[in-house]
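S.K.: Test case, fold it:
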Amino acid sequence: MNERIKPIVMPKWGLSMAEGKVTGWLKSAGAKIAVGDEIVEVETDKIAGVVEAGDTGTLRRVLGAPDTVYPVKALIGVIAADDVPDEEIDAYVAEYAAHAAEAGDEEEAGPRYEFVDTPAGRLRYARRSQTGGGDGARAIILVHGFGGDLDNWLFNIDTLAEAGTVYALDLPGHGQSDKAVKDASLKGLSEALIGFMDALDITSAHLVGHSMGGAVVAQTALDQPGRVSSITLISSAGLGEEINRDYTDGFVAAASRRDLKPVLEHLFHDPATVTRQLVDDLLKYKRLDGVDAALKALSSALFPGGRQSAVLAEALKAAPTPVLVIWGESDQVIPAAHAAALGDRARVDVIGEAGHMVQMEKAGRVNELVLNHITA
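M.R.: The predicted structure follows:
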(Lines give C-alpha, C1' and ligand atoms only; values in the text may rest on other atoms or scores of the structure.)
Protein backbone atom coordinates (compact mmCIF):
# COMPACT_ATOMS: atom_id res chain seq x y z
CA MET A 1 0.00 0.00 0.00
CA ASN A 2 1.08 3.59 -0.63
CA GLU A 3 2.69 4.86 2.60
CA ARG A 4 1.92 8.49 1.70
CA ILE A 5 -1.79 7.73 1.93
CA LYS A 6 -3.35 7.22 5.36
CA PRO A 7 -6.70 5.51 5.91
CA ILE A 8 -9.54 6.57 8.17
CA VAL A 9 -11.34 3.39 9.16
CA MET A 10 -14.35 2.39 11.19
CA PRO A 11 -12.70 1.95 14.61
CA LYS A 12 -12.96 -1.09 16.84
CA TRP A 13 -13.94 0.14 20.28
CA GLY A 14 -13.93 -2.87 22.59
CA LEU A 15 -13.81 -6.58 21.97
CA SER A 16 -17.48 -6.97 21.06
CA MET A 17 -17.80 -4.17 18.49
CA ALA A 18 -18.36 -5.53 14.95
CA GLU A 19 -19.78 -2.46 13.19
CA GLY A 20 -20.55 1.21 13.64
CA LYS A 21 -22.67 3.92 12.04
CA VAL A 22 -21.25 7.12 10.58
CA THR A 23 -23.48 9.84 12.03
CA GLY A 24 -21.72 12.89 10.62
CA TRP A 25 -18.44 14.31 9.32
CA LEU A 26 -16.81 17.10 11.31
CA LYS A 27 -14.35 17.86 8.48
CA SER A 28 -15.14 18.30 4.79
CA ALA A 29 -13.21 16.90 1.86
CA GLY A 30 -10.26 19.18 1.18
CA ALA A 31 -9.85 20.20 4.84
CA LYS A 32 -6.37 20.34 6.33
CA ILE A 33 -5.98 17.73 9.08
CA ALA A 34 -3.67 17.77 12.13
CA VAL A 35 -3.01 14.92 14.54
CA GLY A 36 -5.78 14.82 17.12
CA ASP A 37 -8.37 16.64 15.01
CA GLU A 38 -11.89 15.28 15.41
CA ILE A 39 -12.86 14.04 11.96
CA VAL A 40 -16.03 11.96 12.03
CA GLU A 41 -18.71 10.98 14.53
CA VAL A 42 -19.49 7.28 14.92
CA GLU A 43 -22.24 5.54 16.87
CA THR A 44 -21.95 1.94 18.06
CA ASP A 45 -24.45 -0.26 19.85
CA LYS A 46 -22.80 0.92 23.07
CA ILE A 47 -22.05 4.62 22.71
CA ALA A 48 -21.46 7.51 20.35
CA GLY A 49 -17.88 8.70 19.86
CA VAL A 50 -15.53 10.67 17.66
CA VAL A 51 -12.71 9.37 15.45
CA GLU A 52 -9.59 11.50 15.84
CA ALA A 53 -6.86 11.92 13.23
CA GLY A 54 -3.67 9.97 13.73
CA ASP A 55 -1.92 11.64 10.79
CA THR A 56 -1.49 15.05 9.18
CA GLY A 57 -2.43 15.95 5.63
CA THR A 58 -5.54 16.79 3.65
CA LEU A 59 -8.84 14.94 3.82
CA ARG A 60 -8.81 13.75 0.21
CA ARG A 61 -11.75 11.34 0.29
CA VAL A 62 -14.92 11.12 2.36
CA LEU A 63 -16.20 7.59 1.73
CA GLY A 64 -18.39 6.89 4.75
CA ALA A 65 -21.94 8.08 4.14
CA PRO A 66 -23.86 9.59 7.08
CA ASP A 67 -26.43 7.29 8.70
CA THR A 68 -24.74 4.27 7.12
CA VAL A 69 -23.44 1.24 9.03
CA TYR A 70 -19.98 -0.12 8.21
CA PRO A 71 -18.04 -3.10 9.56
CA VAL A 72 -15.04 -2.52 11.81
CA LYS A 73 -11.89 -1.64 9.77
CA ALA A 74 -13.92 -0.55 6.73
CA LEU A 75 -12.34 2.38 4.88
CA ILE A 76 -14.46 5.50 5.45
CA GLY A 77 -11.98 8.23 4.49
CA VAL A 78 -8.50 8.97 3.18
CA ILE A 79 -5.83 11.47 4.29
CA ALA A 80 -2.92 12.32 1.99
CA ALA A 81 -0.66 15.20 1.02
CA ASP A 82 -1.90 17.57 -1.67
CA ASP A 83 0.75 16.40 -4.15
CA VAL A 84 -0.42 12.77 -4.13
CA PRO A 85 -2.16 12.27 -7.51
CA ASP A 86 -5.88 11.47 -7.51
CA GLU A 87 -5.27 8.26 -9.46
CA GLU A 88 -2.98 6.96 -6.69
CA ILE A 89 -5.71 7.59 -4.14
CA ASP A 90 -8.27 5.86 -6.36
CA ALA A 91 -5.96 2.84 -6.64
CA TYR A 92 -5.45 2.83 -2.86
CA VAL A 93 -9.21 2.78 -2.24
CA ALA A 94 -9.65 -0.06 -4.74
CA GLU A 95 -6.91 -2.15 -3.12
CA TYR A 96 -7.92 -1.52 0.47
CA ALA A 97 -10.68 -4.12 0.70
CA ALA A 98 -8.28 -7.03 0.22
CA HIS A 99 -5.88 -5.71 2.85
CA ALA A 100 -8.77 -5.09 5.27
CA ALA A 101 -9.91 -8.70 4.84
CA GLU A 102 -6.44 -9.95 5.77
CA ALA A 103 -6.38 -7.68 8.82
CA GLY A 104 -9.81 -8.99 9.77
CA ASP A 105 -8.50 -12.55 9.80
CA GLU A 106 -5.71 -11.48 12.16
CA GLU A 107 -8.23 -9.67 14.36
CA GLU A 108 -10.21 -12.88 14.82
CA ALA A 109 -7.13 -14.42 16.43
CA GLY A 110 -6.77 -11.50 18.85
CA PRO A 111 -7.54 -11.39 22.57
CA ARG A 112 -10.98 -11.96 24.05
CA TYR A 113 -12.53 -11.46 27.46
CA GLU A 114 -10.92 -13.62 30.14
CA PHE A 115 -11.81 -14.61 33.70
CA VAL A 116 -9.68 -15.23 36.77
CA ASP A 117 -10.51 -16.55 40.24
CA THR A 118 -9.45 -14.25 43.10
CA PRO A 119 -10.19 -14.00 46.84
CA ALA A 120 -12.84 -11.40 45.91
CA GLY A 121 -14.54 -13.78 43.47
CA ARG A 122 -14.36 -14.54 39.77
CA LEU A 123 -13.43 -11.38 37.85
CA ARG A 124 -13.69 -10.64 34.15
CA TYR A 125 -10.93 -8.75 32.40
CA ALA A 126 -9.57 -7.83 28.98
CA ARG A 127 -5.87 -7.84 28.13
CA ARG A 128 -4.12 -5.90 25.38
CA SER A 129 -0.47 -5.86 24.34
CA GLN A 130 1.23 -4.69 21.15
CA THR A 131 4.62 -6.10 22.15
CA GLY A 132 3.88 -9.65 23.20
CA GLY A 133 3.58 -8.87 26.91
CA GLY A 134 6.57 -10.82 28.21
CA ASP A 135 7.63 -11.00 31.85
CA GLY A 136 9.45 -7.66 31.60
CA ALA A 137 6.56 -5.79 29.99
CA ARG A 138 5.18 -2.70 31.72
CA ALA A 139 1.78 -3.51 33.27
CA ILE A 140 -1.05 -0.97 33.15
CA ILE A 141 -4.34 -1.68 34.95
CA LEU A 142 -7.55 0.26 34.21
CA VAL A 143 -10.14 0.45 37.00
CA HIS A 144 -13.67 1.69 36.22
CA GLY A 145 -16.08 3.64 38.39
CA PHE A 146 -19.34 3.02 40.27
CA GLY A 147 -21.81 1.09 38.09
CA GLY A 148 -19.31 0.89 35.22
CA ASP A 149 -17.33 -1.95 33.70
CA LEU A 150 -14.26 -2.54 31.55
CA ASP A 151 -16.07 -1.18 28.48
CA ASN A 152 -15.66 2.30 30.02
CA TRP A 153 -12.13 2.06 28.54
CA LEU A 154 -13.28 1.33 24.97
CA PHE A 155 -11.37 4.28 23.55
CA ASN A 156 -8.23 3.88 25.64
CA ILE A 157 -7.13 0.27 25.96
CA ASP A 158 -5.64 -0.20 22.49
CA THR A 159 -3.70 3.07 22.48
CA LEU A 160 -2.33 2.56 25.98
CA ALA A 161 -1.08 -0.88 24.88
CA GLU A 162 1.64 1.01 23.00
CA ALA A 163 3.35 1.34 26.39
CA GLY A 164 2.95 -2.20 27.75
CA THR A 165 0.39 -4.84 28.64
CA VAL A 166 -2.95 -3.29 29.55
CA TYR A 167 -5.51 -4.99 31.77
CA ALA A 168 -9.06 -3.66 32.21
CA LEU A 169 -11.14 -5.48 34.80
CA ASP A 170 -14.69 -5.58 36.09
CA LEU A 171 -14.62 -4.92 39.83
CA PRO A 172 -16.70 -7.20 42.11
CA GLY A 173 -20.38 -6.49 41.63
CA HIS A 174 -19.84 -5.05 38.16
CA GLY A 175 -19.91 -6.15 34.53
CA GLN A 176 -19.54 -9.89 34.23
CA SER A 177 -17.60 -10.39 37.45
CA ASP A 178 -19.19 -12.12 40.45
CA LYS A 179 -21.98 -9.93 41.82
CA ALA A 180 -21.27 -10.56 45.49
CA VAL A 181 -19.18 -7.78 47.03
CA LYS A 182 -17.46 -9.32 50.06
CA ASP A 183 -16.16 -5.99 51.37
CA ALA A 184 -17.78 -2.83 49.98
CA SER A 185 -15.31 -0.48 51.66
CA LEU A 186 -12.60 1.32 49.74
CA LYS A 187 -9.98 -0.90 51.39
CA GLY A 188 -12.01 -3.94 50.40
CA LEU A 189 -12.03 -2.88 46.74
CA SER A 190 -8.32 -2.13 46.93
CA GLU A 191 -7.71 -5.63 48.29
CA ALA A 192 -9.77 -7.01 45.40
CA LEU A 193 -7.47 -5.19 42.99
CA ILE A 194 -4.36 -6.57 44.70
CA GLY A 195 -5.93 -10.03 44.59
CA PHE A 196 -6.43 -9.60 40.83
CA MET A 197 -2.77 -8.63 40.44
CA ASP A 198 -1.66 -11.63 42.52
CA ALA A 199 -3.81 -14.03 40.49
CA LEU A 200 -2.16 -12.84 37.26
CA ASP A 201 1.35 -12.64 38.77
CA ILE A 202 1.54 -8.86 38.24
CA THR A 203 4.25 -7.71 40.65
CA SER A 204 3.70 -3.99 40.09
CA ALA A 205 1.66 -1.85 37.74
CA HIS A 206 0.73 1.63 36.64
CA LEU A 207 -2.84 2.05 37.91
CA VAL A 208 -5.39 4.19 36.08
CA GLY A 209 -8.67 4.75 37.90
CA HIS A 210 -11.87 6.54 36.90
CA SER A 211 -14.30 7.99 39.46
CA MET A 212 -14.73 5.34 42.20
CA GLY A 213 -11.89 3.46 40.52
CA GLY A 214 -9.66 6.47 41.10
CA ALA A 215 -10.21 6.21 44.84
CA VAL A 216 -9.50 2.46 44.60
CA VAL A 217 -6.13 2.95 42.91
CA ALA A 218 -5.26 5.82 45.28
CA GLN A 219 -6.00 3.60 48.28
CA THR A 220 -3.89 0.85 46.73
CA ALA A 221 -0.95 3.24 46.28
CA LEU A 222 -1.22 4.19 49.96
CA ASP A 223 -1.57 0.63 51.25
CA GLN A 224 0.76 -1.18 48.83
CA PRO A 225 3.21 1.43 47.46
CA GLY A 226 5.67 -1.26 46.36
CA ARG A 227 3.05 -2.68 43.98
CA VAL A 228 2.22 0.64 42.31
CA SER A 229 4.52 2.34 39.78
CA SER A 230 2.24 5.36 39.27
CA ILE A 231 -1.41 6.34 39.53
CA THR A 232 -3.62 8.29 37.16
CA LEU A 233 -6.80 9.68 38.71
CA ILE A 234 -9.53 10.49 36.17
CA SER A 235 -12.54 12.42 37.51
CA SER A 236 -11.61 10.67 40.71
CA ALA A 237 -13.44 10.04 43.91
CA GLY A 238 -11.38 10.36 47.06
CA LEU A 239 -10.12 13.92 46.61
CA GLY A 240 -12.99 15.76 48.28
CA GLU A 241 -16.31 15.14 50.00
CA GLU A 242 -18.71 16.51 47.38
CA ILE A 243 -20.46 14.18 44.93
CA ASN A 244 -23.70 14.53 42.97
CA ARG A 245 -26.19 12.60 45.06
CA ASP A 246 -28.80 12.82 42.32
CA TYR A 247 -26.46 10.72 40.20
CA THR A 248 -25.42 8.09 42.76
CA ASP A 249 -28.89 7.66 44.29
CA GLY A 250 -30.55 7.93 40.90
CA PHE A 251 -28.37 5.23 39.38
CA VAL A 252 -29.07 2.84 42.24
CA ALA A 253 -32.83 3.48 42.17
CA ALA A 254 -33.45 3.61 38.40
CA ALA A 255 -35.57 0.69 37.22
CA SER A 256 -36.74 1.84 33.80
CA ARG A 257 -35.36 3.52 30.70
CA ARG A 258 -37.29 6.65 31.63
CA ASP A 259 -35.59 6.74 35.04
CA LEU A 260 -32.08 5.80 33.92
CA LYS A 261 -31.52 7.92 30.80
CA PRO A 262 -31.52 11.35 32.54
CA VAL A 263 -29.22 9.92 35.24
CA LEU A 264 -26.71 8.74 32.63
CA GLU A 265 -26.82 12.11 30.90
CA HIS A 266 -25.08 13.53 33.98
CA LEU A 267 -21.98 11.63 32.86
CA PHE A 268 -21.33 13.47 29.60
CA HIS A 269 -20.72 16.99 28.38
CA ASP A 270 -22.97 16.15 25.41
CA PRO A 271 -26.08 14.25 26.61
CA ALA A 272 -26.59 12.91 23.06
CA THR A 273 -23.65 10.59 23.74
CA VAL A 274 -26.05 8.39 25.73
CA THR A 275 -27.50 5.95 23.20
CA ARG A 276 -30.64 3.88 23.64
CA GLN A 277 -28.48 0.75 23.57
CA LEU A 278 -26.29 2.05 26.40
CA VAL A 279 -29.38 2.62 28.53
CA ASP A 280 -30.76 -0.82 27.68
CA ASP A 281 -27.44 -2.55 28.44
CA LEU A 282 -27.21 -0.90 31.85
CA LEU A 283 -30.81 -1.80 32.65
CA LYS A 284 -30.03 -5.45 31.83
CA TYR A 285 -27.02 -5.28 34.15
CA LYS A 286 -29.04 -3.69 36.95
CA ARG A 287 -31.65 -6.46 36.72
CA LEU A 288 -29.13 -9.28 37.24
CA ASP A 289 -29.34 -11.19 40.49
CA GLY A 290 -27.15 -9.61 43.15
CA VAL A 291 -26.53 -6.29 41.38
CA ASP A 292 -29.05 -4.26 43.37
CA ALA A 293 -27.57 -5.45 46.67
CA ALA A 294 -24.02 -4.81 45.43
CA LEU A 295 -24.77 -1.25 44.30
CA LYS A 296 -26.62 -0.42 47.51
CA ALA A 297 -23.76 -1.80 49.62
CA LEU A 298 -21.16 0.19 47.68
CA SER A 299 -23.21 3.38 47.71
CA SER A 300 -23.82 3.07 51.45
CA ALA A 301 -20.15 2.42 52.21
CA LEU A 302 -18.59 4.96 49.84
CA PHE A 303 -21.21 7.73 49.49
CA PRO A 304 -23.22 7.79 52.75
CA GLY A 305 -25.60 10.70 52.97
CA GLY A 306 -24.58 11.89 49.52
CA ARG A 307 -20.98 12.61 50.60
CA GLN A 308 -17.76 10.73 49.92
CA SER A 309 -16.71 8.74 52.97
CA ALA A 310 -12.99 8.69 52.19
CA VAL A 311 -10.90 11.75 51.36
CA LEU A 312 -7.34 10.67 50.57
CA ALA A 313 -5.82 13.95 49.38
CA GLU A 314 -3.66 14.67 52.43
CA ALA A 315 -2.33 11.13 52.58
CA LEU A 316 -1.52 11.19 48.86
CA LYS A 317 0.45 14.41 49.27
CA ALA A 318 2.83 12.56 51.55
CA ALA A 319 3.05 9.40 49.41
CA PRO A 320 5.96 8.73 47.00
CA THR A 321 3.90 7.47 44.05
CA PRO A 322 3.83 9.70 40.91
CA VAL A 323 0.32 11.09 40.38
CA LEU A 324 -1.47 12.42 37.29
CA VAL A 325 -4.93 13.99 37.69
CA ILE A 326 -7.27 14.40 34.70
CA TRP A 327 -10.73 15.96 34.83
CA GLY A 328 -13.52 17.04 32.52
CA GLU A 329 -14.21 20.73 33.01
CA SER A 330 -18.00 20.26 32.93
CA ASP A 331 -18.11 17.21 35.24
CA GLN A 332 -21.59 17.03 36.80
CA VAL A 333 -20.84 14.10 39.11
CA ILE A 334 -17.67 15.12 41.00
CA PRO A 335 -16.65 18.81 40.90
CA ALA A 336 -13.70 19.64 38.67
CA ALA A 337 -12.41 21.78 41.54
CA HIS A 338 -11.26 18.53 43.19
CA ALA A 339 -8.55 18.29 40.51
CA ALA A 340 -6.54 20.84 42.50
CA ALA A 341 -6.76 18.92 45.79
CA LEU A 342 -3.16 17.64 45.61
CA GLY A 343 -1.65 21.02 44.74
CA ASP A 344 1.86 20.77 43.30
CA ARG A 345 2.06 17.12 44.31
CA ALA A 346 0.36 16.01 41.06
CA ARG A 347 0.39 16.84 37.39
CA VAL A 348 -3.09 18.17 36.60
CA ASP A 349 -4.99 18.62 33.34
CA VAL A 350 -8.60 19.86 33.23
CA ILE A 351 -10.03 19.31 29.75
CA GLY A 352 -12.68 21.55 28.23
CA GLU A 353 -15.91 20.33 26.62
CA ALA A 354 -15.78 17.10 28.61
CA GLY A 355 -17.76 15.74 31.52
CA HIS A 356 -17.33 12.91 33.99
CA MET A 357 -16.53 10.36 31.26
CA VAL A 358 -13.63 12.44 29.95
CA GLN A 359 -11.69 9.30 28.97
CA MET A 360 -14.43 8.63 26.42
CA GLU A 361 -15.28 12.16 25.33
CA LYS A 362 -11.66 13.31 24.92
CA ALA A 363 -9.92 9.97 24.50
CA GLY A 364 -7.07 11.27 22.35
CA ARG A 365 -5.97 13.87 24.89
CA VAL A 366 -6.43 11.50 27.85
CA ASN A 367 -4.42 8.76 26.13
CA GLU A 368 -1.63 11.22 25.36
CA LEU A 369 -1.47 12.40 28.97
CA VAL A 370 -1.49 8.88 30.41
CA LEU A 371 1.18 7.61 28.01
CA ASN A 372 3.43 10.56 28.85
CA HIS A 373 2.90 9.94 32.57
CA ILE A 374 3.62 6.23 32.65
CA THR A 375 6.61 6.42 30.30
CA ALA A 376 8.26 9.44 31.99
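S.K.: Could you grab the helix/strand/coil label for the residue nearest to A120 when sequence neighbours are not counted?
M.R.: Leaving aside its sequence neighbours, A120 sits nearest to A192 (C-beta to C-beta, 6 or more residues apart in numbering; 3.6 Å). The way it works is simple: take the backbone N, C-alpha and C, and place the C-beta from them, glycine included. Under DSSP: H, G, I helix; E, B strand; the rest coil, the three-state class of A192 is helix.
S.K.: Now do the same contact list for A192.
M.R.: T118, P119, A120, L123, L171, P172, K182, D183 (C-beta atoms under 8 Å, 6 or more residues apart in numbering).
S.K.: how far away is the second one from P7?
M.R.: Right, P119. 46 Å (C-beta to C-beta, to the nearest Å).
S.K.: These two: which is more packed in?
M.R.: Between P119 and P7, counting by other C-beta atoms under 10 Å, P7 is the more crowded of the two (22 against 13).
S.K.: Correct me if wrong: G364 contacts A34.
M.R.: No - with contact defined as C-beta atoms under 8 Å, G364 does not reach A34; the gap is 11.4 Å.
S.K.: In terms of neighbours, single out the busier of those two.
M.R.: G364 (19 against 9).
S.K.: Next up, identify which helix or strand the more buried one is on.
M.R.: Secondary structure from DSSP states H and E places G364 in helix 363-375.
S.K.: who's in contact with that helix?
M.R.: 36, 49, 52, 138, 140, 155-156, 159-160, 162-164, 206, 208, 229-230, 232, 234, 322, 324, 326, 347, 349, 351, 358-359.
S.K.: Among the residues you listed, which are located in helices?
M.R.: Under the assignment DSSP state H, the contacts of helix 363-375 contribute T159, L160, V358, Q359 to helices.
S.K.: Make a ChimeraX selection of the buried ones in the residues you listed.
M.R.: To isolate the buried ones among the ones in helices among the contacts of helix 363-375 in ChimeraX, judged by 16 or more other C-beta atoms under 10 Å, type:
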select :159,160,358,359
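S.K.: which one of the ones in helices among the contacts of helix 363-375 sits closest to S28?
M.R.: Nearest to S28 among those, counting by C-beta to C-beta, is T159 at 26.3 Å.
S.K.: Break this structure down into its structural domains.
M.R.: Per the record's domain assignment (automatic domain parsing), the chain is made up of the domains 5-108, 114-375.
S.K.: Quickly find the element holding the residue sitting furthest away from the middle of the chain.
M.R.: Relative to the centre of the chain, the most outlying C-alpha is that of E87, 39.2 Å out, by C-alpha atoms, centre = their mean. In this structure, E87 sits in helix 86-108 according to DSSP H and E.
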